[in-house]
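Colleague: I'll drop the sequence and a predicted model, then ask my questions.
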Amino acid sequence: MSLKLGVPSKGRLMDKTFDWFGARGVTLGRAGSEREYAGRVEGIAGVELVLLSAGEIPRELSAGRIHLGVTGTDLVREKLGQWDMQVEELAELGFGHADLVLSVPNCWVDVDTLDDLDAAAAAFRRVHGFRLRIATKYHRLVRDFLRDNGVADYQLVDSQGATEGTVKNETAEAIADITSTGETMRANHLKLLDDGLILRSQATLFRSRTAPMEAADRDALQDLTALLNVG
Amino acid sequence: MPVTTPYRAAARAEAARLRALFEAEGALPVEAAILQPADLLLDLYGEDIRARAYVTSDAMRGEQMLRPDFTVPVVQMHMDGGAEPARYCYCGEVFRRQEDDPERANEYLQAGFELFDRDNPPAADAEVFALFQRILAPLSLRAATGDIGILTAAVGGLATTERRKHALMRHVWRPRRFRALLDRFSGRVAPPAARLAMLAAADPFETAGPDIGLRRRAEIEDRIEALREDAAAAPMSDHEVAMIDAVLAVRETMPYALEHLRDIAVDLPAILPAVDRLAARADALAARGIDVEHLDFEAAYGRTHMEYYDGFVFGFYAEARPDLPPVATGGRYDALTRVLGQGREIPAVGGVIRPGLVLDLGGLG
């Protein structure tokens, strides 16, 4: 056995994660070619790198198939019920910043707050005969947020990509999506609600509370957290 | 949560026993499909139901839900041509997602009794409550009662605009938004600066950019007009807000609660018919041998988790086991029959007992 560390398998998130560990004396990298999903670890013994899609890392942590994993707070909270019972946040890594926000068309000059959204949703249902559609891929987070804030008469429609375009295409009236700068939203004539911030997210190193560990894994975890100065 | 076979068999036997007791009261045993069409439940409860019910789907029928309760299918069945008056009973599994509490069962049995009767609602309320009280007597449970109709009558009687009353009525079951609306309508919370600027602007759409989306310019203009009207309307008085608070704070035994509500009705006469209904129910309960003198009444009871009830509400609790959900719950749901009846309606009241909890508490002997 070894201590399994799950890291996003591609893109900026992978590169930044490699940089973050590298700056702390732990070198992570792919084992062979660019296309291979096996990893290598240098600078510490007993740790194995597992390259995974960022979206799968929460599930793998929860199932205890990896001991540590780097992924966004947004994905952990969306995918894991009672997330803090299943994983522990060891460190925020300072990149991959993204906010999950609720946005409406800029031309809705009457809507600035959740209170307005709720009133607009009630009127929309009377006029159109169906509930106002909010496009998102973060169903649980958005639903919990709107329930806590007492917003009614909406429905969530699934959108796994190009969510900002759904309003113009008239497949949704509003959206809840991740944004880092708000640029894409503005370009699509959308605006953030004043109180529409659902979650601030960034890349975070999580520890699974459920993964079984042998004595050697515990030692490796202790060495690693000491080296990284986390936990 | 794994449940052993003997436990399951015992709970099933308890459920069948309870249904037989209901049947002995003249109720017709009915069945309901485990898979229910999702669109109807979503229309009734909104998106929140997805957090509590299991949704599945197939390519032919679209989204289906694992039955979260029996009330909706039983009402539908009755509205499709049931006799009047009618008494129905049932037992079977219901399914509830438990995302935040793994200790709570996500699949459990319910045994229920529903009464559709136009003639004498207070007597019907009393019949259902007294039946549950009698069946559950061996468990020495605490009974809680309430009446959503008092709060809705209070809202209906406010001296403010129809639009505001309608908004409050819509959120009777969402206390947080209800409170936010009261704060706004009474001027306790100032409108956001952006709102004031928009209403003051000669052309509110000056910086709005292109019109996009299905919500059209005319709908937005309608709402701006509504906001202008609201800005021009007098704020709700502190006195009126205080009266709503007074109604919500009533929590006493039945005779004192009635007295207290009659005092409030001096300032808010609109609640008098609802208070009279409560008094008639108390008389009907006493006539059925219920100790009304010591029966708890709470005006806010059932407000957060019993959304289709719009009148009498009740629950039975094991006081020594605060970890358990209520053993039985029920209430009146006239409005639900109106929604499902498409133009027809019939006053209806009913309730469910959880046989598994009855068993956990030692059974009915």
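Modeller: Now that the structure is in, tell me what you want to look at.
Colleague: Contacts for stretch B:119-127, please.
Modeller: Here stretch B:119-127 makes contact (Cβ atoms under 8 Å, 6 or more residues apart in numbering or on different chains) with B:85, B:115, B:117, B:277, B:280-281, B:283-285, B:287-288, B:290, B:311-312, B:332, B:347, B:349. (Each C-beta comes from the backbone N, C-alpha and C, glycine too.)
Colleague: Sort out for me which of those residues are in strands.
Modeller: B:115, B:312, B:332, B:349 (DSSP state E).
Colleague: still on that earlier bit, need the buried ones from the contacts of stretch B:119-127 selected in ChimeraX.
Modeller: Of these, the buried ones go into a single ChimeraX selection, burial set by 16 or more other Cβ atoms under 10 Å in any protein chain shown:
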select /B:85,115,117,277,280,281,284,285,288,290,311,312,332,347,349
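Colleague: Keep the contacts of stretch B:119-127, but drop any that are not near chain A.
Modeller: Among those, not one lies near chain A by Cβ under 8 Å from any Cβ of the partner chain.
Colleague: Can I get the one helix or strand B:Gln76 maps to as PDB, trimmed to CA atoms?
Modeller: Using DSSP states H and E, B:Gln76 sits in helix B:71-79. Extracted C-alpha coordinates of helix B:71-79, given in PDB (Å, rounded to 0.1, in the frame of the first residue of the first chain):
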ATOM      1  CA  THR B  71     -51.900  12.200   0.200                       C
ATOM      2  CA  VAL B  72     -51.500  13.500  -3.300                       C
ATOM      3  CA  PRO B  73     -52.300  10.200  -5.100                       C
ATOM      4  CA  VAL B  74     -55.300   9.600  -2.700                       C
ATOM      5  CA  VAL B  75     -56.700  13.100  -3.400                       C
ATOM      6  CA  GLN B  76     -56.200  12.500  -7.100                       C
ATOM      7  CA  MET B  77     -58.100   9.200  -6.900                       C
ATOM      8  CA  HIS B  78     -60.900  10.800  -4.900                       C
ATOM      9  CA  MET B  79     -61.200  13.800  -7.300                       C
END
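Colleague: Pull the contacting residues for B:Phe316.
Modeller: B:132-133, B:136, B:139, B:141-144, B:326-329 are the contacts of B:Phe316 under Cβ under 8 Å, 6+ apart.
Colleague: residue in the stretch 51-200 of chain B nearest to chain A?
Modeller: Closest to chain A within the stretch 51-200 of chain B is B:Arg177: 2.7 Å, counting by Cβ to the nearest Cβ.
Colleague: tell me the SS of that residue?
Modeller: Three-state assignment for B:Arg177 (DSSP: H, G, I helix; E, B strand; the rest coil): helix.
Colleague: From the contacts of stretch B:119-127, which land in helices?
Modeller: Members of the contacts of stretch B:119-127 lying in helices (criterion: DSSP state H): B:277, B:280-281, B:283-285, B:287.
Colleague: How about the closest residue to chain B within chain A: what's its closest non-neighbour residue?
Modeller: Closest to chain B within chain A is A:Gly150: 2.7 Å, counting by Cβ to the nearest Cβ. Nearest residue to A:Gly150 in three dimensions, chain neighbours excluded: B:Arg177, at 2.7 Å (Cβ to Cβ, 6 or more residues apart in numbering or on different chains).
Colleague: what's the distance between that neighbour and B:Ala194?
Modeller: Using Cβ to Cβ, to the nearest Å, B:Arg177 is found at 20 Å from B:Ala194.
Colleague: can you check B:His260 too?
Modeller: Applying Cβ to Cβ, the value for B:His260 to B:Ala194 is 42 Å.
Colleague: and the stretch 1-150 of chain B, which of its residues are near chain A?
Modeller: So the stretch 1-150 of chain B meets chain A at B:42, B:46-48, B:50-51, B:99-100, B:102 (Cβ under 8 Å from any Cβ).
Colleague: Can you get me a residue count around residue 164?
Modeller: By default, I'm working from chain A. Other residues lying near A:Glu164 total 20 when counted by other Cβ atoms under 10 Å in any protein chain shown.
Colleague: actually chain B
Modeller: B:Arg164 has 20 neighbours, counted by other Cβ under 10 Å.
Colleague: One more: B:Glu319?
Modeller: B:Glu319: 8 surrounding residues under other Cβ under 10 Å.
Colleague: Could you grab the helix/strand/coil label for it?
Modeller: B:Glu319 - assigned by three-state DSSP - is coil.
Colleague: what's the answer for A:Asp115, then?
Modeller: helix.
Colleague: now swap in B:Gly26 and tell me
Modeller: Using three-state DSSP, the structure places B:Gly26 in coil.
Colleague: now do B:Arg164
Modeller: Assigned with three-state DSSP, B:Arg164 falls in the helix class.
Colleague: who's in contact with the closest residue to it other than its chain neighbours?
Modeller: Excluding its sequence neighbours, the residue lying closest to B:Arg164 (Cβ to Cβ, 6+ apart) is B:Phe185, at 5.0 Å. Neighbour list for B:Phe185: B:160, B:164, B:168, B:235-236 [criterion: Cβ under 8 Å, 6+ apart].
Colleague: could you measure B:Phe185 against A:Glu56, distance?
Modeller: Note on B:Phe185: its distance to A:Glu56, by Cβ to Cβ, is 48 Å.
Colleague: what is the rounded mean pLDDT of the helix holding B:Gln76?
Modeller: Helix B:71-79 comes out with an average pLDDT of 93.
Colleague: And for stretch A:68-85?
Modeller: Stretch A:68-85 comes out at a mean pLDDT of 93.
Colleague: List the buried residues for it?
Modeller: In terms of neighbour count (16+ other Cβ under 10 Å), stretch A:68-85 has its buried residues at A:68-80, A:83.
Colleague: picking up where we left off before, would you point out the most distant pair within the ones in strands among the contacts of stretch B:119-127?
Modeller: Spatial extent of these (Cβ to Cβ) is set by the pair B:Leu115 and B:Phe312 at 11.6 Å.
Colleague: who touches both of the two?
Modeller: Common neighbours of B:Leu115 and B:Phe312 (Cβ under 8 Å, 6+ apart) are B:Val349.
Colleague: any idea which of the ones in helices among the contacts of stretch B:119-127 is closest to chain A?
Modeller: For the ones in helices among the contacts of stretch B:119-127, the nearest to chain A is B:Arg277 (27.1 Å; Cβ to the nearest Cβ).
Colleague: quick one, what contacts B:His239?
Modeller: So B:His239 contacts B:Asp267 (Cβ under 8 Å, 6+ apart).
Colleague: Can you check the pLDDT for it?
Modeller: Predicted confidence (pLDDT) for B:His239: 93.
Colleague: Over to the one 4 residues further on?
Modeller: Listed pLDDT for B:Met243 reads 94.
Colleague: ditto for B:Arg19
Modeller: For B:Arg19, pLDDT reads 98.
Colleague: So it versus B:Val292, what's the distance?
Modeller: 28 Å.
Colleague: domain ranges for chain A?
Modeller: If you go by automatic domain parsing, the domain ranges for chain A are A:3-96+A:203-228, A:98-201.
Colleague: Mean neighbour count, the ones you listed: which tops it?
Modeller: domain A:98-201 (a mean of 20; mean count of other Cβ atoms under 10 Å in any protein chain shown).
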